[in-house]
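> Predicted model and sequence follow; I will ask about them next.
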Amino acid sequence: MEPPVAYLLAHAGGLAARYSDATLRPFELTTRQYWLLVQLDLEPELTMTELAQQLDVSRQSLHEMVSLLEGAGYLVRAPGASGRTRRLALTPQAVRNLPLIARALREAEEAFFAGASPAAVEALRRLLRSTLALRTDDEAWLS
């Protein structure tokens, strides 16, 4: 019997997340926390609600992640556009570390997929991106 794709995705995703989390541990980050920083780097004006939606987490989970990232020196709360609101901003430490972290993750990804052809890895990436774009109704996954 063929295992369902959902099981394969969940199992492979769990393995990949553990690999990624181990790579991020020296930076005091998890994979999801790193992606939060990347999202803020790409779209600095995102609201907490938008961030929670993009990360597929509850607002409570997002608030917990933000508190941890503030404590680790990656985020600060800054005045929002209206003056009455607040937004999250990357600290200079975060801006400095993001390229280093991205390189470490690329190396970890290469090690994780060692033995697989680069074409197969890219085909998987394209399939996952198109699936995410379709299922989240967010075409940003395609860029």
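That came through fine.
> okay, which residue is most central for the chain?
Trp35 (2.1 Å; C-alpha atoms, centre = their mean).
> And for it, nearest residue in space, chain neighbours not counted?
Leu55 (6.3 Å; C-beta to C-beta, 6 or more residues apart in numbering). The C-beta positions use only the backbone N, C-alpha and C, and glycine is treated the same way.
> What number of residues are in the vicinity of that neighbour?
16 (other C-beta atoms under 10 Å).
> Likewise for Phe113?
Neighbour count for Phe113, taken as other C-beta under 10 Å: 15.
> residue ranges for the strands of this protein, please.
75-79, 86-90 (DSSP state E).
> which residues of the chain score low on pLDDT?
For the chain, no stretch is flagged by pLDDT under 70.
> try it again with 80
Along the chain, the model assigns pLDDT under 80 to residues 80-86, 136-138, 140-141, 143.
> Now do the nearest residue to Gly80 once chain neighbours are set aside against Asp41, distance only.
The spatial neighbour of Gly80 that comes closest, neighbours along the chain excluded (C-beta to C-beta, 6+ apart), is Arg87 at 4.5 Å. According to C-beta to C-beta, to the nearest Å, Arg87 and Asp41 sit 13 Å apart.
> re earlier: list the contacts for the residue nearest to Gly80?
Residues in contact with Arg87, defined by C-beta atoms under 8 Å, 6 or more residues apart in numbering, are Pro44, Glu45, Leu46, Thr47, Arg77, Ala78, Pro79, Gly80, Ala81.
> On the strand side of things, show who it bridges to.
For Arg87, the beta-bridge partners under DSSP bridges are Ala78.
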